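[1] take this sequence and fold it.
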Amino acid sequence: MSRNGQGPGRGHADGQGPVRRHDAPPQDTAILVGHFVLPRGASFSAHVHQVHQLLCTARGLLRVRTERGVWLLPPSRALWIPAEVPHTTESAGDAVMLGAYVDPASCPGIDWPEPTVVAVTPLLRALVDHLIRTDLVPEARARAEAVLLDELRPLQVASVSVTVPDDPRARAVAEALRRDPADGRSLAEWGRTAGAGARTLARLFAAETGLGFGQWRERLRMQCAMPHLAAGLPLEAVARRVGYASASSFAAAFHRVVGVTPRAYFPASARGGPGQTPAESRHAAPPR
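    Residues are numbered from 1 along each chain as shown. Take a look at the predicted model:
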């Protein structure tokens, strides 16, 4: 595999079609890091790997979807995707994606059965950048690979996925809220335009999404807030855009839904800004 994006995880940017299967890394290395430059909205269609994948971004925000949920990854977070788990990946803005493909035989102690969020510490970031290099001797590569695996620490971070209802009345409400998550109308008020009463809409949301309407809307708001947070917008501005009267009420809701505060999930060093990361400077040209 080339380390500029030609290899495992290289899907098609249409998001459609059957689940695709990708090859394992070559036998002379336990971890292979692929580099992908993704313009806004680019996506890799559903695919699986025969190996584990540690997915992170050097810049921008990635959205990863599996049957278990949806995760939005800023540079401060990575997602461990076990082998054989179907997933799609898309950029929520201009992004530089890094995928570390890990031979399962090299990490018998990591037996996470489901996608797991891990913190991208400065050491983990440096190791991923280091393993992009093509001039490492086998002994140096093996040492770096061992330290990388030892540095993986799972975080208790919830998915922010939401299911869109099938019923056209509830779906109309859901789609309107996707367009404007700050819309604070009650179910009774929505019922006047959706053609169903508040009790009917509440029952439909619970039955078809697994969440009460209030929980569904709160989770959607967190999903909509993340690209703004990744871009470095002030907390107060993000709060208003997604329907909260203050930064403190938004931060409390974010912590309740995601499991950490906005500042912990999007530290200042991981937000949008000028300059190139080491990965970008070594791979300035996008893959073809």
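
[2] buried ones in the helix or strand in which Gln215 is found?
    Assigned by DSSP states H and E, Gln215 belongs to helix 213-230. Buried residues in helix 213-230, defined by neighbour count with 16 or more other Cβ atoms under 10 Å: 213, 215-230. Heads up, the C-betas are built off the backbone N, CA and C, glycines and all.

[3] what does stretch 151-170 give?
    Those would be Glu151, Leu152, Val157, Ser159, Val160, Ser161, Val162, Pro165, Asp167, Arg169, Ala170, for stretch 151-170 by 16+ other Cβ under 10 Å.

[4] report the secondary structure state of the last one.
    It refers to Ala170. helix (DSSP: H, G, I helix; E, B strand; the rest coil).

[5] pLDDT wise, what is Ala239 at?
    We have a pLDDT of 97 for Ala239.

[6] residues touching it, list them.
    Ala245, Ser246, Ala247, Ser249, Phe250, Ala251 (Cβ atoms under 8 Å, 6 or more residues apart in numbering).

[7] now swap in Ala188 and tell me
    So Ala188 contacts Gly197, Ala198 (Cβ under 8 Å, 6+ apart).

[8] quick check: pLDDT value at it.
    94.

[9] phi, psi of it?
    phi -60, psi -40 (degrees, to the nearest 10).

[10] what are the ranges of the helices in the stretch 151-288 of the chain?
    168-179, 187-194, 198-209, 213-230, 235-241, 247-258, 262-265, 278-282 (DSSP state H, counting those that start in this stretch).

[11] any chance of those in JSON lines, plus distance to Glu67?
    Shown next, in JSON lines, are these (distance: least, Cβ to Cβ, whole Å):
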{"stretch": "helix 168-179", "distance to Glu67": "20"}
{"stretch": "helix 187-194", "distance to Glu67": "29"}
{"stretch": "helix 198-209", "distance to Glu67": "15"}
{"stretch": "helix 213-230", "distance to Glu67": "17"}
{"stretch": "helix 235-241", "distance to Glu67": "29"}
{"stretch": "helix 247-258", "distance to Glu67": "20"}
{"stretch": "helix 262-265", "distance to Glu67": "23"}
{"stretch": "helix 278-282", "distance to Glu67": "30"}
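
[12] worst average pLDDT in those?
    helix 278-282 (a mean of 44).

[13] just to revisit the earlier point, relative to Cys107, which of the helices of the stretch 151-288 of the chain is closest?
    Among the helices of the stretch 151-288 of the chain, the nearest to Cys107 by Cβ to Cβ is helix 278-282 (22.3 Å).

[14] strands along the protein, start to end?
    Per DSSP state E, the chain carries strands over the ranges 20-22, 31-38, 43-49, 52-59, 62-66, 69-73, 77-81, 87-91, 95-102, 116-119.

[15] lowest mean pLDDT across those strands, which one is that?
    strand 20-22 (a mean of 62).

[16] from Ala176, how far out is His228?
    19 Å (Cβ to Cβ, to the nearest Å).

[17] and Arg256, what does it touch?
    Glu218.

[18] which residues touch the helix holding Gln215?
    60-61, 70, 72, 74, 92-93, 160-162, 174, 177-178, 181, 187, 201-202, 205-206, 209, 211, 235, 237-238, 241-244, 250, 253-254, 256-258, 262, 265-266, 270-272.

[19] filter the residues you listed to the buried ones?
    Buried members of the contacts of helix 213-230, counted by 16+ other Cβ under 10 Å: 60-61, 72, 74, 92-93, 160-162, 174, 177, 181, 187, 201-202, 205-206, 209, 211, 235, 238, 241-244, 250, 253-254, 257-258, 262, 265-266, 270, 272.

[20] what about stretch 50-64, how long is it end to end?
    18 Å (Cα to Cα, to the nearest Å).

[21] hang on, Arg153 packs against Thr116?
    No. Checked against Cβ atoms under 8 Å, the pair Arg153 and Thr116 is beyond contact range at 9.9 Å.

[22] tell me which residues touch the residue lying closest to Pro113 once chain neighbours are set aside, please.
    Closest residue to Pro113 apart from its sequence neighbours, by Cβ to Cβ, 6 or more residues apart in numbering: Pro82 at 6.4 Å. Applying Cβ under 8 Å, 6+ apart to Pro82 gives the contacts His52, Trp112, Pro113, Glu114, Pro115.
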